[in-house]
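Trainee: got a structure for you, letters missing:
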Ligand SMILES: Nc1ncnc2c1ncn2[C@@H]1O[C@H](COP(=O)(O)OP(=O)(O)OP(=O)(O)O)[C@@H](O)[C@H]1O
């Protein structure tokens with residue numbers, strides 16, 4: 001079953017001044033359990049597409065349907081709740097909160113959702129273990145390497161058991177060992193827990209391990225390869 005459908009999505013920025021056509025009619029179906037990479041030259045629309053799929057920004061035309069629900073037909077508050085419950089984000093703009101420890105960063109959303117301490121404590125410890133950081137749970141982001149921070153971000157994205165995780169260049173700024181580890185961990189979560197991942201990347205090593213590669217050129221799907 002498709003958990004994400006985009007129907008002829010377009011996005012034009014700066015419509016009143018000098019318009020930028022970032023997406024020019026993207027129609028895609030993402031099935032449950034996919035491990036899909038969105039690639040393409042700089043400016044081809046990767047981040048814009050992830051923003052639309054995540055309900056963070058509205059298309060100029062077209063539709064984004066998640067679990068059968070038309071995202072942008074929802075009221076703003078309903079969309080915010082929907083995002084919290086169904087979508088995990090690993091985006092640069094959503095960096096970790098510096099004053100919180102790794103464990104607190106992971107459990108933050110669960111606390112906001114009013115979950116009981118016993119539940120969010122267990123869940124955040126399990127997730128930090130799954131990403132190989134059981135010995136760093138009480139460290140703040142500044143005490144962790146870039147790769148470790150990205151792993152905390154993945155654990156945080158999974159905290160509320162989302163239907164899928166969107167990651168915008170998750171291995172950017174990581175050395176090859178850290179990006180290899182992060183990818184191993186994402187693949188493990190995908191294979192063992194059937195978590196759907198959709199991520200944009202410029203990193204060929206990441207692309208090589210994706211099972212589906214969607215190439216955008218000038219805001220359009222140029223290629224869509226399954227392996
Ligand atoms: N908020 C914005 N306002 C105006 N133009 C924008 C905005 N965000 C993106 N754009 C433009 O839309 C186009 C697509 O940008 P986008 O960030 O989606 O590309 P990308 O493929 O993710 O690029 P990169 O690989 O460099 O991150 C670019 O021409 C960009 O300059």
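Mentor: Structure's in. What do you need? Nothing here was measured: the structure is a model prediction, and the numbers come from that model.

Trainee: gap between the spatially most central residue of the chain and residue 145?
Mentor: Centroid-nearest residue in the chain: residue 166, 1.5 Å away (criterion: C-alpha atoms, centre = their mean). Separation of residue 166 from residue 145 (C-beta to C-beta, to the nearest Å): 23 Å. In short, each C-beta sits where N, CA and C put it, glycine included.

Trainee: got a list of what the nearest residue to residue 134 once chain neighbours are set aside touches?
Mentor: With C-beta to C-beta, 6 or more residues apart in numbering as the criterion, residue 134 has its nearest non-adjacent residue at 5.9 Å, and that residue is residue 128. Applying C-beta atoms under 8 Å, 6 or more residues apart in numbering to residue 128 gives the contacts 102, 103, 106, 134, 136, 137, 152, 155.

Trainee: Go again with 10 Å.
Mentor: Residue 128 sits next to 102-103, 105-107, 134-137, 151-152, 155-156 when contact means C-beta atoms under 10 Å, 6 or more residues apart in numbering.

Trainee: got it, and residue 149?
Mentor: Going by C-beta under 10 Å, 6+ apart, residue 149 touches 95, 96, 102, 105, 133, 139, 141, 142, 143, 173, 174, 178.

Trainee: which is the next helix or strand following whichever strand or helix holds the last one?
Mentor: This points to residue 178. Secondary structure assignment for residue 178, by DSSP states H and E: helix 176-193. The element immediately downstream of helix 176-193 (helix or strand, assigned by DSSP H and E) is strand 196-200.

Trainee: what angle do that following strand and helix 176-193 make?
Mentor: With axes from the mean of the first three to the mean of the last three C-alpha atoms, to 10 degrees applied, the angle from strand 196-200 to helix 176-193 works out at 150 degrees.

Trainee: need the residues of this protein near the ligand, please.
Mentor: Neighbours of the ligand within the chain, by C-beta under 6 Å from any ligand atom: 13, 14, 20, 22, 40, 42, 43, 44, 45, 46, 47, 48.
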